[in-house]
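Peer 1: Got a predicted structure here, sequence first:
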Amino acid sequence: MNDLCPEPGWNPVTLAPVLSQLAGVLAGFVFTSIVVMLSQSWPRRDRIPAISLFVAAFAALALNSYLLAVIAGETPKGGACYRIWSEMMIASGLLGVGAVALTSGVAWLIAAHLEQDDGAEGAVDLERLARAVLHGVATLAVLLLSTTSLDYLYVAFDTHPPAWLIALVYAYLATVLVLIAVIRRRLRRTTVSSKKIARQLSKGTFGTVRYAFVIAVALGLLLAYADVYWNPTPAWLAVVVIVLAMPAAAPVLLRLVYAVPRLASHAPTPLPRTSSSRWATLIVLACVVRRLLKPRSAK
């Protein structure tokens, strides 16, 4: 691909087989976990959320592994370069949603285990750790999708993407990160009813499955277009790819972030009076985002 396609910093064809293997391995572990939990002779109701999330994550990761394998079989030549980038952008969105769904399932499985051992020392810390990991994975998924979107725009528009599209990517990044922070703060300060969490969990679970099938259909439609049609990439098609990879995935990600498990016997954790550590975290995160996005703006 080095002599045939524009390369803004990384090679999607080289990366696709690696990501396909990663998604396949994760899907295999999820499938094994589902079989183990279902084969137990004493099914427990508190494990149902984890099983449902594992089923959704398995569907997303298994489809993602197949789609990435299809991308790896593309010939990086001519107009196919732009089609490969579009396919990779969409598949990246599905991989992010599948990773968050898998992490959410692990968090619910930990909560189900802690409900059996309510008096165990360190149970609350383990519960907080599971929630922190879930929110962290969701934040990283949003950050990586945004940086990949900027790379894609510079390739699709031949290093001259519209300023309003760049602004929309930044707006998406800032909006979703703020919403994740607000949700996390609200969950720590207030008591959320179990019915509301269950409703968000159901929407996030079914949303993951629906998103996986929509992405699979969309990528199949992209493959139907000949190479000539992609050189150059039509502006409307690039916008559709960005929408499928980012805004379409945002509701699912936010619902999974909101539907975090809580031990019924523990009250919400009060926030510390000082917020210096939080401001320091936000400053560090802003610096990281700026460093990741700066090379793209120089193109």
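Peer 2: The structure has been received and is ready for your questions. Residues are numbered from 1 along each chain as shown.
Peer 1: Which parts of the protein are helices?
Peer 2: Along the chain, counting by DSSP state H, helices occupy 12-39, 48-72, 80-116, 123-156, 163-189, 194-224, 235-245, 250-258, 276-297.
Peer 1: Let me have these in CSV, extended by mean pLDDT.
Peer 2: What follows is these, written out as CSV (pLDDT from 0 to 100):
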stretch, mean pLDDT
helix 12-39, 84
helix 48-72, 89
helix 80-116, 85
helix 123-156, 84
helix 163-189, 88
helix 194-224, 87
helix 235-245, 86
helix 250-258, 91
helix 276-297, 53
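Peer 1: what's the burial count for residue 157?
Peer 2: Residue 157 has 17 neighbouring residues, counting by other Cβ atoms under 10 Å. Placement of C-beta: from N, CA and C, glycine included.
Peer 1: Spatially, which residue comes closest to it, not counting chain neighbours?
Peer 2: Here the nearest residue to residue 157 in space, its sequence neighbours aside, is residue 238; by Cβ to Cβ, 6 or more residues apart in numbering that works out to 7.0 Å.
Peer 1: correct me, but the one you found touches residue 156?
Peer 2: Yes - if you go by Cβ atoms under 8 Å, residue 238 and residue 156 touch, sitting 4.3 Å apart.
Peer 1: so what sits against both of those two?
Peer 2: Common contacts of residue 238 and residue 156 (Cβ atoms under 8 Å, 6 or more residues apart in numbering): residue 86.
Peer 1: Let me see the contact set for the residue nearest the centre of the chain.
Peer 2: Central residue of the chain (Cα atoms, centre = their mean): residue 96, 2.4 Å from the mean position. Each residue near residue 96 by Cβ under 8 Å, 6+ apart is listed here: 141-142, 144-145, 249, 253.
Peer 1: Please repeat the previous calculation with a cut-off of 7 Å.
Peer 2: Applying Cβ atoms under 7 Å, 6 or more residues apart in numbering, we find residue 96 in contact with 141, 144-145, 249.
Peer 1: Show me just the buried residues among the residues you listed.
Peer 2: The neighbour count (16 or more other Cβ atoms under 10 Å) marks 141, 145, 249 as buried among those.
Peer 1: Turn these into CSV, columns for distance to residue 208.
Peer 2: Output for the buried ones among the contacts of residue 96, formatted as CSV (distance: Cβ to Cβ, whole Å):
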residue, distance to residue 208
141, 13
145, 15
249, 9
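Peer 1: mind listing what residue 90 touches?
Peer 2: 215, 218-219, 241, 244-245.
Peer 1: for those, which one is nearest residue 232?
Peer 2: Taking Cβ to Cβ as the measure, residue 232 lies nearest residue 241 of the contacts of residue 90, at 13.8 Å.
Peer 1: which one is that closest one nearest to, not counting chain neighbours?
Peer 2: Spatially, and ignoring its direct neighbours in sequence, residue 241 is nearest to residue 86 (4.7 Å; Cβ to Cβ, 6+ apart).
Peer 1: ok, residue 91 touching residue 65?
Peer 2: No - using Cβ atoms under 7 Å, residue 91 is not in contact with residue 65, being 9.6 Å away.
Peer 1: who has more neighbours, those two?
Peer 2: Using other Cβ under 10 Å, the more surrounded residue of residue 91 and residue 65 is residue 91, with 27 against 23.
Peer 1: mind checking how far the more buried one is from residue 212?
Peer 2: 11 Å (Cβ to Cβ, to the nearest Å).
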